[in-house]
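**Student:** Sequence and computational prediction follow.
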Amino acid sequence: MRELYADVIVDISHEKLDKAFQYRVPESLRGALETGMCVTVPFGGGNKPVKGYVVDLGEVCKFDPDRTKDILDIAANGVGVEDKMIALAAWIRKNYGSTMIQALKTVLPAKQSVKRLEHRTLQRIMSREEILSLLGESRRKKQVAKERLLQELADQEAIPYEWVTAKLGVSAQTVRSLERAGAVRVVTRESFRNPVKLEYGEEREKSLSEAQSRIVESILSDMGNDRPGVYLLHGITGSGKTRIYLELIEEVVRQGRQAIVLIPEIALTYQTLLRFYRRFGDRVSVMNSTLSPGEKYDQCERAKRGEIDVIIGPRSALFTPFPNIGIIVIDEEHEGSYKSEASPKYHARETALEVAKLHGAGVVLGSATPSLEAYYRAQRGEYRLFRLTQRLSGGCLPTVYTVDLRKELKEGNRSIFSRKLQELLADRLNKGEQSILFLNRRGYAGFISCRACGHVMKCPHCDVSLSEHRNGMLLCHYCGYGEPKPAVCPECGSKYISGFRAGTQQIEEKLHEMFPGVRTLRMDGDTTKTKDSYQQILSAFANEEADVLIGTQMIVKGHDFPKVTLVGVLAADLSLSAGDYRAGERTFQLLTQAVGRAGRGELPGEAVIQTYRPDHYAVVHAAAQDYEGFYEEEILYREMMEYPPVSHMLAVQIFARDETRGIQLADRLAETVRNVSFAEEAGAEQEKALRVIGPAPASIGKINDIFRFVFYVKCAEYDKLIQVKDRAEEMLRQWKPQETVQFDFDPVNTV
Ligand code: ADP
Ligand code: ZN
Ligand code: ZN
């Protein structure tokens, strides 16, 4: 009988994670031992028994077999926090494909030797009246950040410092200026107990609306059963979803359990955080990308010790090691940022379901434009769907005009602004109201379309747009189909067939030509390179230092600008024709969000959507703010083309220094996958359950001299795709190629 060896990571809380030690598996443990299990092993010179985790099993001894020690035993199966995290890592490894070490690194914070962090508080030392007079002054001077902070200080005597600075839009500089003015002082304490268990529960004074209390009651009573479910809250921004989260979490916390709230970082605003803080005081903590690894570690320790009940943060907050999670809330669940771009490419929504299962917790998903995945499952009864239809925050939905750019061209307007948009912009400038111009470059992949008739060059096999490559070829990034770029439109013969190339800078220039003296701000990847610039642009615009804000998708999320009464979408087609199957969904979401930016305040708003395809269902339904209408059509497309959520899709990505070797490996792997057969079907007529598409060059074919190839496997069952991945991993272990291979299940971002 051959020996069996296990790679064991020893005592995660004390060692660096990147090192595994090999042990022999004694006969008594064979068959019982699995990857992810906790074991005791002899460690170090003294062979002290310590706990460790099995990350891999194999028959090859990597060291001297005579000096390889035996595993002592499988550790007693406690239900500690760590066991759950290990189980979660094992699940991630299995479902998304990565090494166990990568998976462990994803779910566990790296041990940092930090000294216990101090908690700083900002304390008011002036009287409330004096603060109010300062407040009036900064209001006159339009210092919004300062004004916000003072408003808070007027209401309460102390605020945790981390709430003020980290991500909350108030700079350390502003705090210092208030210190100098003798208004506040920063107090440092080893451990800070919330001094004001907030008497300012103004939220609480307003009773829940009828719809809200019905939903809260239904969810609570359902969560009271032994198997809590998944609840999808479909409601536009301002319809009262956050208030529902707060009520549910409060009840869960009352029962002695904890809550995780995921919010995309870009949407994590000061106002939202403050509402949580007002309700839960210092029992709530924030996780965000500005925290150092040491601070993150400290957060996790506090969670383990039971010092906090609620954590708010982006994707990674899901791995907060709470002992007994009662609820996981995912706000804006449709956001692409919930999918990890690095291996393991887990989706926080799906992973949250697994965390919830481990803890017996409920999951609440919220969105104004639910992902097709979530809505599809709700339609099938897997999730319970709740709707909120009224906007509670005031303001009404804007009037939307869809402009056909083909018609503009025909009638002699070759500018990037349609006549309707020009007219409304002039009107706003006259009235001194603000506008936003939105250029949707998201997922932009160099598609080719006709400016006369709107025809888009598409792949005949995959029904996604073809992308232009340097050599004048048009390529499909799913199947690799290619054709030369046509000189004239195959539909109407017009010579105006080309890619759309305007950038935000060009738009800004054209705007100045058209309206001399217009004050503009620009927000895109270039103008937001530094950490603060994003906030600076937002506050400058909120301060009315500009008439028009021009930007990419960054500007349509999160922040509210009550003075904005006009939103112009310059080319809805940019995201509509991205070369992937989610183009329609993404466009609908972005257009809905963009349009919703207008008229949040007292003044009614208008929006203009410019497009070459005014009849496309994503445009039509976004203009009408009609989610169901959009869903009905989109799901038909997914069904017809067998795209998720109806079917599942695995992207296998190959990264190669050498182009030829990359193609060869891609071909070889794809061939292996084509030949995978499934045990349970062997006897029966083996119906081809898998469809392999490609390989093809990735949408960005080369980055930093690394060539990228990809092929896709479609299958109705996720589990079969896992088997495909396992088979591919097995072959890779044998072939040992120099190239890197990554797996992406149900990809969200174009690869
Ligand atoms: P969403 O999360 O859907 O955007 P919120 O919960 O933030 O919605 O509510 C939007 C606005 O309406 C907030 O200003 C909130 O304070 C207010 N609001 C929420 N629930 C109520 C209520 N029951 N009565 C009055 N105002 C409410
Ligand atoms: Zn044409
Ligand atoms: Zn294709």
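**Tutor:** Arrived safely. All values derive from a computational prediction rather than experimental measurement. Ligands and ions are numbered 1, 2, ... in the order given.
**Student:** Bridge partners for P42, pull those for me.
**Tutor:** P42 forms beta bridges with P49, as assigned by DSSP bridges.
**Student:** Just checking: what are the partner strands of the lengthiest strand in the chain?
**Tutor:** Ranked by residue count under DSSP state E, the longest strand found in the chain is strand 691-703. Its sheet considered, strand 691-703 pairs with strand 706-715 (antiparallel) by DSSP bridges.
**Student:** Tell me what angle the helix or strand that comes right after the partner strand forms with strand 706-715.
**Tutor:** Next helix or strand after strand 706-715 toward the C-terminus (DSSP states H and E): helix 718-735. On the basis of axes from the mean of the first three to the mean of the last three Cα atoms, to 10 degrees, helix 718-735 is oriented at 140 degrees to strand 706-715.
**Student:** picking that back up, which residues sit against the longest strand of the chain?
**Tutor:** Here strand 691-703 makes contact (Cβ atoms under 8 Å, 6 or more residues apart in numbering) with 445, 462, 467, 469, 475-480, 579-580, 642, 653-654, 663, 666-667, 670, 673-674, 707-715, 750-751. (C-beta placed from N, C-alpha, C; glycine too.)
**Student:** Now the element after the lowest-mean-pLDDT helix or strand in the chain, going C-ward?
**Tutor:** Lowest mean confidence among the helices and strands of the chain (mean pLDDT, DSSP states H and E): helix 202-205, at a mean of 59. Following helix 202-205 in sequence order, the next helix or strand is helix 210-223 (DSSP H and E).
**Student:** So which elements touch whichever helix or strand comes after that next one?
**Tutor:** Sequence-wise, the next helix or strand downstream of helix 210-223 (DSSP H and E) is strand 230-235. If you count contacts as 3 or more Cβ pairs under 8 Å, 6 or more residues apart in numbering; DSSP states H and E, strand 230-235 packs onto helix 210-223, helix 241-254, strand 362-367, helix 372-379, strand 384-388.
**Student:** hang on, the earlier thing: which ones among the contacts of strand 691-703 lie within strands?
**Tutor:** 467, 475, 653-654, 707-715.
**Student:** Can you add pLDDT and distance to ligand 3 and give those back as TSV?
**Tutor:** Shown next, in TSV, are the ones in strands among the contacts of strand 691-703 (pLDDT from 0 to 100; distance: Cβ to the ion, whole Å):
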residue	pLDDT	distance to ligand 3
S467	80	11
L475	84	9
Q653	93	17
I654	95	18
F707	89	20
R708	88	17
F709	93	15
V710	92	12
F711	94	12
Y712	93	10
V713	94	14
K714	92	12
C715	93	18
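**Student:** among those, which two are most distant?
**Tutor:** F707 and C715 (26.8 Å; Cβ to Cβ).
**Student:** Per-residue confidence, I86, what does it come out as?
**Tutor:** You'll see I86 listed with a pLDDT of 83.
**Student:** ok, now the one 3 residues further on?
**Tutor:** Reading off the confidence values, A89 has pLDDT 90.
**Student:** Could you do the one 5 residues further on as well?
**Tutor:** The model reports K94 with a pLDDT of 89.
**Student:** again with N675
**Tutor:** Reported pLDDT for N675: 86.
**Student:** what does this protein have sitting close to ligand 2?
**Tutor:** 450, 452-453, 455, 489, 491-492, 494 (Cβ under 5 Å from the ion).
**Student:** Name the residue of the stretch 501-650 of the chain that lies nearest to ligand 1.
**Tutor:** Relative to ligand 1, the nearest point of the stretch 501-650 of the chain is D560 (9.8 Å; Cβ to the nearest ligand atom).
**Student:** isn't that residue right up against G599?
**Tutor:** No - here D560 does not reach G599: they are 11.0 Å apart, not a contact under Cβ atoms under 8 Å.
**Student:** So if I had to pick from the two, which one is more boxed in?
**Tutor:** Using other Cβ atoms under 10 Å, the more surrounded residue of D560 and G599 is G599, with 22 against 15.
**Student:** What ranges in the stretch 501-650 of the chain fall below the confidence cut-off?
**Tutor:** Along the stretch 501-650 of the chain, the parts satisfying pLDDT under 70 run over 501-502, 529-532, 557-559.
**Student:** Nearest residue to K48 in space, please, no chain neighbours.
**Tutor:** Excluding the flanking residues, the one nearest K48 by Cβ to Cβ, 6 or more residues apart in numbering is P42, at 7.0 Å.
**Student:** near ligand 3, which residues of the chain show up?
**Tutor:** 459, 461-462, 476, 478-479, 481.
**Student:** most neighbours, which of those residues?
**Tutor:** Of the residues of the chain next to ligand 3, with other Cβ under 10 Å as the count, Y478 tops at 26 neighbours.
**Student:** What are the phi and psi values at L549?
**Tutor:** L549 has phi and psi values of phi -110, psi 120 when expressed as degrees, to the nearest 10.
**Student:** Now do the contacts for it.
**Tutor:** Here L549 is in contact with 434-437, 520-523, 537, 541, 555, 561 (criterion: Cβ under 8 Å, 6+ apart).
**Student:** Could you export the residues you listed as a markdown table, including secondary structure and neighbour count?
**Tutor:** Listed next are the contacts of L549 as a markdown table, based on DSSP: H, G, I helix; E, B strand; the rest coil; neighbours: other Cβ atoms under 10 Å:
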| residue | secondary structure | neighbour count |
| --- | --- | --- |
| Q434 | strand | 23 |
| S435 | strand | 28 |
| I436 | strand | 24 |
| L437 | strand | 26 |
| T520 | strand | 19 |
| L521 | strand | 20 |
| R522 | strand | 21 |
| M523 | strand | 21 |
| I537 | helix | 22 |
| F541 | helix | 25 |
| I555 | helix | 26 |
| F561 | coil | 19 |
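**Student:** which SS class is V261?
**Tutor:** strand (DSSP: H, G, I helix; E, B strand; the rest coil).
**Student:** wait, K345
**Tutor:** Per three-state DSSP, K345 ends up coil.
**Student:** Is V164 in contact with Q173, as I believe?
**Tutor:** No - taking contacts as Cβ under 8 Å, V164 lies outside contact range of Q173: 11.9 Å.
**Student:** could you measure the residue lying closest to Y376 once chain neighbours are set aside against ligand 2, distance?
**Tutor:** Take Y376 and drop its neighbours on the chain: the residue closest to it by Cβ to Cβ, 6+ apart is P645, 4.4 Å away. As judged by Cβ to the ion, to the nearest Å, P645 and ligand 2 stand 34 Å apart.
**Student:** what does G395 give?
**Tutor:** Going from G395 to ligand 2 by Cβ to the ion gives 40 Å.
**Student:** Likewise for L246?
**Tutor:** Plainly put, L246 is 53 Å away from ligand 2 if you go by Cβ to the ion.
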